[in-house]
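Novice: Below is the sequence, then the predicted model.
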Amino acid sequence: MTFLDDFLIRAALAGVGVAVAAAPLGCFVVWRRMAYFGDATAHAAILGVALSLALSLPVTVGALAVAVIMAFAVSQLSHRGMALDTGLGVLAHSALALGLVAVSFVQGVRVDLGAYLFGDILAVTKSDLAVIWLGGLAVVALVAWRWSALLTATLSPDLAHASGFNPKREGMVLTLALAVVVAVAIKVVGVLLIGAMLLIPPAAARPLARTPEAMAVLAGVIGITAAITGLWAAFAFDSPTGPSMVSAAALLFVGIGVITRLKHA
């Protein structure tokens, strides 16, 4: 077996696809301080997995449906006056617990919960790869199309109104894009690590970028590097693949941070 075996090439392409989709969206997660929002949406996806198994549907379909419902539920709670972090915490942990319980009641199906919690990128099939890349490209296209409006609404809702943009509508765009990324990434890094791939590459890219566009591109490069490096490390050291990818991203974050501090010392 070599690193260039077919299943490893599919795994690498899947990791790259998730990194490309997560990079621009992750920038808005960082700018808007939505890290917990991403975690809550991702945790809810396990409930979608249970729904898919019970109804014999593709996992991506159930995960996407529940992720969308979860994201909009959190948005409604925040608009009704509940503290956002409280609403996110309640919904995130409740959805994860309910999902795990629901999966245990699915009859006639053997479920490897570890694959959904931490990902199983080495088991990605050609059809999974198609879903990941189609979903990822759809997210990139959506964010690129609404880039100016999203950026303006992120900077200032008042400025967005003055520019003819609806901040609530742009928030809906981000919510939908986040749900799609969660749905396509569940097979790669799992529901517990999706938030890390959304957050860490943009956070690492932030000190290096002078413009928002540059930050999005650099986040993509860092995410791709982390995906390939983590996959290689998992192959070389027989470690879990999803956590290895996130660990690689974390090391890049620390390394860039140290270099940046030394440069400005």
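Specialist: Looks like it came in fine. This one's a predicted model, so the numbers in the text were calculated from it and none came from an experiment.
Novice: Burial check on residue 192, number of neighbours?
Specialist: Neighbourhood size, residue 192 [other CB atoms under 10 Å]: 19. From N, CA and C alone the C-beta is placed, and that goes for glycine too.
Novice: same check, this time on residue 212
Specialist: 17.
Novice: what sits against it?
Specialist: When contacts are counted by CB atoms under 8 Å, 6 or more residues apart in numbering, residue 212 touches 27, 31, 151.
Novice: Could you do residue 199 as well?
Specialist: Counting by CB under 8 Å, 6+ apart, residue 199 has contacts 26, 29, 30, 35, 38.
Novice: List the buried residues of whichever strand or helix holds it.
Specialist: For residue 199, the host element (DSSP states H and E) is helix 194-205. Across helix 194-205, burial judged by 16 or more other CB atoms under 10 Å covers 194, 195, 196, 197, 198, 199, 200, 201, 202, 203, 204, 205.
Novice: Over to stretch 252-265?
Specialist: Buried-residue list, stretch 252-265, by 16+ other CB under 10 Å: 252, 253, 256.
Novice: Closest one to residue 50 out of these, please.
Specialist: residue 253 (32.9 Å; CB to CB).
Novice: The closest one and residue 259, how far apart?
Specialist: Using CB to CB, to the nearest Å, residue 253 is found at 11 Å from residue 259.
Novice: again with residue 189
Specialist: In terms of CB to CB, residue 189 sits 26 Å off from residue 259.
Novice: Residue 232 too?
Specialist: Applying CB to CB to residue 232 and residue 259 gives a distance of 22 Å.
Novice: What of residue 49?
Specialist: From residue 49 across to residue 259, the span is 40 Å (CB to CB).
Novice: Residue 245 too?
Specialist: 21 Å.
Novice: Ok, residue 69 next?
Specialist: In terms of CB to CB, residue 69 sits 42 Å off from residue 259.
Novice: and residue 106, helix, strand or coil?
Specialist: coil (DSSP: H, G, I helix; E, B strand; the rest coil).
Novice: Next one: it from residue 229, what distance?
Specialist: From residue 106 to residue 229 the distance is 35 Å (CB to CB).
Novice: Could you do residue 28 as well?
Specialist: Taken as CB to CB, the span from residue 28 to residue 229 is 25 Å.
Novice: before we move on, what about residue 247?
Specialist: Computed as CB to CB, the residue 247 to residue 229 distance reads 9 Å.
Novice: hmm, back to that, tabulate the buried residues of stretch 252-265 (TSV), appending secondary structure, distance to residue 223 and pLDDT.
Specialist: Listed next are those as TSV, based on DSSP: H, G, I helix; E, B strand; the rest coil; distance: CB to CB, whole Å; pLDDT from 0 to 100:
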residue	secondary structure	distance to residue 223	pLDDT
252	helix	9	95
253	helix	11	95
256	helix	13	93
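Novice: before we move on, back to that, list the buried residues in the helix or strand that comes right after the helix holding residue 199.
Specialist: For helix 194-205, the succeeding helix or strand toward the C-terminus, using DSSP H and E, is helix 212-237. By neighbour count on 16+ other CB under 10 Å, the buried set for helix 212-237 is 212, 215-231, 233-235.
Novice: and the angle for helix 212-237 with helix 194-205?
Specialist: 120 degrees (axes from the mean of the first three to the mean of the last three CA atoms, to 10 degrees).
Novice: so how far is helix 212-237 from its chain's centroid?
Specialist: Averaging C-alpha positions (CA atoms, centre = their mean, to the nearest Å) puts helix 212-237 14 Å from its chain's average.
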